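[1] Give me a model of this one.
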Amino acid sequence: MHIRQLSRLCVHGLASLLLAATAVAQQPAADSPALATMKKDAIAGVESRAKLGQVMVDTVFSYSELGYQEFHSSKYLSDILESNGFKVERGIAGIPTAFMATWGSGKPVIALGSDVDCIPQASQKPGVAYKDPIVTGAPGHGEGHNSGIPLNILAVLAVKDIMQKNHMSGTLKVWPGIAEELLGAKAYYVRAGYFKDVDAVLFAHVANNLAVGYGGFSTLGAVSIRYEFTGESSHASVAPWKGRSALSAVELMDVGWSFKRQFLRPVQRSHNVIVNGGDQPNVVPSNASNWYYFREADYAHVRELLDTGDAMAQGAALMSSTKFTSTILGSAWPGWMNRPMAEDAYQNIKAVGLPQWSDADIALAKGIQHELKVPEVGLETSINPLRPAATEQSFTGGPSDDIGDVSWNVPTIVLAYPSNIPNLPGHNWANSIAMATPLAHKGVLAGAKVQAMNLLDLLTKPELITSAWDYFNNVQTKTQKYVPFIRPTDQPHTELNKAIMDKYNPQLEKFYYDSTKYPTYLDQLGIKYPTLRATPAVAAESQPPAFSESLDLPDILAAASTTPAH
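    Down below sits the predicted model:
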């Protein structure tokens, strides 16, 4: 064993002992009678806004906007906050669709975030338990990001009423995770200083249960980087020797990386797409681009992958007599969530509990599970235990989310809430099915109640914030400090996805939800809830296989966790 590896094991071993030793001290204190009353009022405040929640969830679902192009979603949600007394700063951190909405004054300052972008080619009619796009080929909410900001809005409006009634000090901030699927915004928010005075961050992400966890080694750090090769064009048949193929450089890099994977740590994930392979076969490509995601368990190993990628690109350029440049398109630190805040939030999760699912909700869930040939378990009916901290040795890989950058600057937790269906593949049309149905609406209400209670705890228990920062300073960041992956010259690539949305927006506009005419989006689309396959024979005749993408069952099951998957 190398000395560096031994040192790392010792550090993590000491951290684990410290966590165990402080477990008893970090158990949340019981609520005072006054706080218990405020929490009851908060639950009532969320329930009284159930219609607003449904309308917000359905409206953002209907917009179906990809990262950096969330113009309708951003304006709609920020306008709601503004109409409720929040001061809204738009276009923050150089991102046109980003905003920060603020209400209140004084300490503590609590920021609530969630994502708003959707997934390419995931258009799907809600409530229909088989593939049936609203607009063929268009984006759709195959990650459920239409629901998180509506959840936070319900929570802050309920708490705002209580703060005004009780003349409470405190500042509430609401912000969207723009272009999360591109890891494209939160590091820029941090760099621009939008969290420098924040005391705590409450994030929310769609899942199939109410859950929260703490510690690290649950999400991978990641860098999204594009390598752009430049060569020389020539006639591919008459004088190919006069050309220098940029496409050859891309292909050589891909081959080299494929051979390298065997010798990388098992926890790593690296994948790519060729975004530009040339113009036409009879012209030697003078320009070509390769887009990679490099993912690893900690900062040092992500940096190592990034350096290896740069070396691989240099080698490919040398072999093909081309040149290359690189552009960081996005990044995410591996998340590390705050233990005292998570333990407190878990008490609120237990108090709220899961929604009461209807027969129709369960039928929809089992219908799509049957369609995808995964275990037909229906919906979750019991709360899972509090997720404890993992270790580097137990961590086998996972998704990435740029909330990680925020979590290394401010004590942060992620609330998972039950607005989707277990055992779905993630980043897929199937994950859109629930997201504008009663199932999603109920999950958002449950999550909003927990989030409102979390807010009240942070507003009324100064010892909770003190404990959160003690954990942040003396456990989380004791040996590891935040160093951004984005470079000082890097800027948000807000041009991404523009061409796709320009293509599909005219078709999607025909299906934007009009809440003044229709009670729900299902009503507007004329969908009976739930719509299931009539018989297996009909399904075989009328529908191609559910996984034309050739997704294996282990991949499906691995993607069905309550953690974000990007």
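[2] got the buried residues for stretch 519-538?
    Of the residues in stretch 519-538, 520, 521, 522, 524, 525, 527, 529, 530, 531, 532, 533 count as buried by neighbour count, 16 or more other Cβ atoms under 10 Å. C-betas here are computed from N, CA, C, even on glycine.
[3] Need the residues that contact that stretch.
    Residues outside stretch 519-538 that contact it (Cβ atoms under 8 Å, 6 or more residues apart in numbering) are 54, 58-59, 61-62, 125-130, 134, 360-361, 363-364, 367, 370-371, 436-438, 511, 513-514, 517-518, 539, 543.
[4] Which residue ranges of the stretch 401-550 of the chain form strands?
    412-418 (DSSP state E, counting those that start in this stretch).
[5] Low-confidence stretches in it?
    535-550 (pLDDT under 70).
[6] Just the pLDDT at residue 387, thanks.
    Listed pLDDT for residue 387 reads 85.
[7] From what I see, it and residue 216 are in contact.
    No: taking contacts as Cβ atoms under 8 Å, residue 387 lies outside contact range of residue 216: 11.8 Å.
[8] So for these two, which sits in the more crowded spot?
    residue 216 (24 against 19; other Cβ atoms under 10 Å).
[9] farthest residue from the center of this protein?
    Distance from the C-alpha centroid of the chain peaks at residue 238, with 50.0 Å (Cα atoms, centre = their mean).
[10] That one - that's part of a helix, no?
    No: under DSSP: H, G, I helix; E, B strand; the rest coil, residue 238 sits outside any helix and is assigned coil.
[11] can you pull the contacts of it?
    Per Cβ under 8 Å, 6+ apart, neighbours of residue 238: none.
[12] Now do it against residue 283, distance only.
    The gap separating residue 238 from residue 283 is 11 Å, by Cβ to Cβ, to the nearest Å.
[13] can you tell me which residues contact residue 407?
    Contacts were defined as Cβ under 8 Å, 6+ apart; by that measure residue 407 touches 201, 333, 335, 336, 337, 338.
[14] what about the third one, how many residues close to it?
    The tally of other residues near residue 335 (other Cβ under 10 Å) stands at 30.
[15] hmm, back to that, by neighbours, which of the contacts of residue 407 wins?
    residue 333 (32 neighbours).
[16] got a list of what it touches?
    By Cβ under 8 Å, 6+ apart, the residues touching residue 333 are 187, 221, 299, 402, 404, 405, 407, 408, 482, 485.
[17] and what of residue 292?
    Taking Cβ under 8 Å, 6+ apart, one finds 224, 225, 226, 227, 257, 270, 271, 272, 309 in contact with residue 292.
[18] now swap in residue 56 and tell me
    Residue 56 neighbours (Cβ under 8 Å, 6+ apart): 76, 77, 80, 149, 150, 153.
[19] Assign it to helix, strand or coil.
    helix.
[20] my read: residue 308 touches residue 260, true?
    Yes: when contacts are counted by Cβ under 8 Å, residue 308 is listed as touching residue 260 (6.9 Å).
[21] shared neighbours of those two, anything?
    What both residue 308 and residue 260 touch, as defined by Cβ under 8 Å, 6+ apart, is an empty set.
[22] Can you tell me which of the contacts of residue 56 is nearest residue 418?
    Of all the contacts of residue 56, residue 418 sits closest to residue 150, with 14.7 Å by Cβ to Cβ.
[23] Could you find the closest non-adjacent residue to the closest one?
    residue 56 (3.6 Å; Cβ to Cβ, 6 or more residues apart in numbering).
[24] What segments of the stretch 151-300 of the chain are helices?
    186-191, 246-260, 299-320 (DSSP state H, counting those that start in this stretch).
[25] The second one packs against which elements?
    Spelled out, that is helix 246-260. Judged by 3 or more Cβ pairs under 8 Å, 6 or more residues apart in numbering; DSSP states H and E, the packing partners of helix 246-260 are strand 221-230, strand 269-276, strand 287-296, helix 299-320.
[26] Tabulate the ones you listed (TSV), appending mean pLDDT and distance to residue 382.
    Conversion of those to TSV gives the following (pLDDT from 0 to 100; distance: least, Cβ to Cβ, whole Å):
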stretch	mean pLDDT	distance to residue 382
strand 221-230	97	32
strand 269-276	96	31
strand 287-296	97	32
helix 299-320	97	36
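[27] and the ones you listed as TSV, adding distance to residue 397?
    As requested, those are exported to TSV (distance: least, Cβ to Cβ, whole Å):
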stretch	distance to residue 397
strand 221-230	12
strand 269-276	6
strand 287-296	8
helix 299-320	12
